[in-house]
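Undergrad: build me a model:
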Amino acid sequence: MVSAELKKRVEQKITECINKFNTHFAVNCPIPTVEYDLKGKTAGQAWPFKRKIRLNAYLLETYQDEFINRTVIHETAHLCVDHYHDVMDRSLPKPHGKEWKHVMALFGISNPDRCHSYKTQPARRTRNFVYTCGCKTIHSLGIIRHNRYQAKKTFYRCNICKTRLIFIGEETY
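TA: Residues are numbered from 1 along each chain as shown. Now for the predicted structure:
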């Protein structure tokens, strides 16, 4: 859950960037809606045609200042570039191309990154199932491969000894 104060800071940063963009390019890029519903490794997404930015609430709470000053600006730049090209009836540029880099520089980011380096949490917990073989090597299968094996729809063999895998149990964390 993102605090009201943090949401206000995000909205202020977006508004500041868009006002700077509108003044510089003499356009009227609207302020987008913001949703805090992303999970996992994705920090943010820009949805130009819906005029929306989606953000990862966990990463925002964890890396507040860095997140606002990098990720929020990053996604806002995408919306601004797409709006400009839509208004000018031009084809959309590459997502992290020269136009986006130019807008990032306008927003004060001289070395824009395509990806973040935040320490993330998985969006969902995966289950792994432990198998062994004739040479006693331990193999780990995900839920889909495990279910296929248990339903006898397929069989898996060890790449070393070529014997069929034998189910031992579920991995616990």
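
Undergrad: give me the element the residue nearest the centre of the chain is part of.
TA: Closest residue to the average C-alpha location of the chain: Thr42 at 1.6 Å, with C-alpha atoms, centre = their mean. Under DSSP states H and E, no helix or strand contains Thr42.

Undergrad: same deal with the one 4 residues further on?
TA: If you go by DSSP H and E, Ala46 is part of strand 44-47.

Undergrad: for Val103, same thing?
TA: Assigned by DSSP H and E, Val103 belongs to helix 98-106.

Undergrad: downstream of that helix, the next helix or strand is which one?
TA: Toward the C-terminus from helix 98-106 - assigned by DSSP H and E - lies strand 128-132.

Undergrad: so what does the helix or strand that comes right after that following strand touch, helix or strand wise?
TA: The helix or strand immediately downstream of strand 128-132 is strand 138-142, counting by DSSP H and E. Here strand 138-142 touches strand 128-132, going by 3 or more C-beta pairs under 8 Å, 6 or more residues apart in numbering; DSSP states H and E. Where C-beta positions appear, they are placed from N, C-alpha and C, glycine not excepted.

Undergrad: pull out the buried positions in the strand it packs on.
TA: Buried residues in strand 128-132, counted by 16 or more other C-beta atoms under 10 Å: Phe129, Val130, Tyr131.

Undergrad: the residue nearest to the centre of the chain contacts Ala57, correct?
TA: No: using C-beta atoms under 8 Å, Thr42 makes no contact with Ala57, being 11.6 Å away.

Undergrad: still on that earlier bit, for the record, mean pLDDT for the strand holding Ala46?
TA: Average pLDDT, strand 44-47: 94.
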